[in-house]
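Enquirer: below: sequence and its predicted model.
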Amino acid sequence: AQTVTQSQPEMSVQEAETVTLSCTYDTSESNYYLFWYKQPPSRQMILVIRQEAYKQQNATENRFSVNFQKAAKSFSLKISDSQLGDTAMYFCAFMKRRGIQGGSEKLVFGKGTKLTVNP
Amino acid sequence: DVKVTQSSRYLVKRTGEKVFLECVQDMDHENMFWYRQDPGLGLRLIYFSYDVKMKEKGDIPEGYSVSREKKERFSLILESASTNQTSMYLCASSKEWSYEQYFGPGTRLTVT
């Protein structure tokens, strides 16, 4: 079974600064995806960024980037130039890749990190 | 835009009641999921469905059942609600060969 661990229950950062959220995972699978999801207060969960395990290059989406260390089973999220709208719960998640074409399996989530961006 | 809707944002039920939580998606997605979210525990999968009338147990199916009679609708059923089922329930959907799951707004259920 896969497990995902987020060791930081809460974090805070000043607006415009950079913050890194940590995530480690455990799996015996070789083909999988890793995700960071964001859940703003009282709003829907949205996908922030994803990483495919077979890709060595770290994924980047605007101010969000990951540091994927496959051997260490580590997947951290860096948020640059933090904005007030980044205040949210952030969940790291794992998904086994299904078949050659890929596809959706169940997500295994970490317990989440509550990030507060202070003005 | 993909839209996943859930029948209620807030729901209060009494112990022993039968509870139905409804989820509807409008993008012809094959896969649908029910998760439970609790503080300090993250999200845990209750049940999922890859097709109409098909269902598979997730990590915490005890005390729950599901129904998927139509492709767009996935219902979570609490046969006899208990106080330990007080939680936030999130529905999600995805295309068969897509990694991305789209989430509904959630239903906060309180069982008294």
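Expert: It's in. Numbers count the residues shown, from 1 in each chain, chains lettered A, B, ... in the order given.
Enquirer: can you tell me the closest non-neighbouring residue to residue B:11?
Expert: Leaving aside its sequence neighbours, residue B:11 sits nearest to residue B:109 (CB to CB, 6 or more residues apart in numbering or on different chains; 4.9 Å). For glycine as for every other residue, the C-beta is placed from the backbone atoms N, C-alpha and C.
Enquirer: the one you found and residue B:17 touch, don't they?
Expert: No. Using CB atoms under 8 Å, residue B:109 is not in contact with residue B:17, being 10.8 Å away.
Enquirer: higher neighbour count, those two?
Expert: residue B:109 (21 against 13; other CB atoms under 10 Å in any protein chain shown).
Enquirer: residues touching that one, list them.
Expert: B:11-13, B:19, B:21, B:81, B:85-89 (CB atoms under 8 Å, 6 or more residues apart in numbering or on different chains).
Enquirer: could you list the low-pLDDT ranges of the chain?
Expert: As the question left the chain open, I've gone with chain A. A:99-104 (pLDDT under 70).
Enquirer: nope, chain B
Expert: Where chain B drops to pLDDT under 70, the residues are B:1-2.
Enquirer: contact residues of it facing chain A?
Expert: Contact residues, chain B versus chain A (CB under 8 Å from any CB of the partner chain): B:31, B:33, B:35, B:40-45, B:48, B:58, B:90, B:92, B:94-101, B:103-106.
Enquirer: related to what we said a few turns ago, just the ones of the contacts of residue B:109 in helices?
Expert: In this view, the contacts of residue B:109 have no member that belongs to helices under DSSP state H.
Enquirer: now which of those would you call buried?
Expert: Burial by neighbour count, 16 or more other CB atoms under 10 Å in any protein chain shown: within the contacts of residue B:109 this picks out B:11, B:13, B:19, B:21, B:81, B:85, B:87, B:89.
Enquirer: OK, contacts around the residue nearest to the fifth one when sequence neighbours are not counted?
Expert: Across the structure, with CB to CB, 6+ apart as the measure, the residue nearest residue B:81 apart from its sequence neighbours is residue B:111 (4.6 Å). Contacts here follow CB under 8 Å, 6+ apart; on that basis residue B:111 touches B:12-15, B:17, B:19, B:81-83, B:85-86.
Enquirer: residue B:111 bridge partners, please.
Expert: Note on residue B:111: beta-bridge partners by DSSP bridges are residue B:13.
Enquirer: where do the strands of the chain begin and end?
Expert: Unless you meant another one, I'm taking chain A. A:3-5, A:10-14, A:19-21, A:24-26, A:32-39, A:46-52, A:60-61, A:64-69, A:74-79, A:88-96, A:108-109, A:113-118 (DSSP state E).
Enquirer: switch to chain B, that's the one I care about
Expert: For chain B, applying DSSP E gives strands covering B:4-6, B:10-13, B:19-25, B:31-38, B:42-49, B:56-57, B:64-70, B:73-78, B:87-94, B:102-103, B:107-111.
Enquirer: closest to residue A:81 out of the ones you listed?
Expert: strand B:102-103 (26.0 Å; CB to CB).
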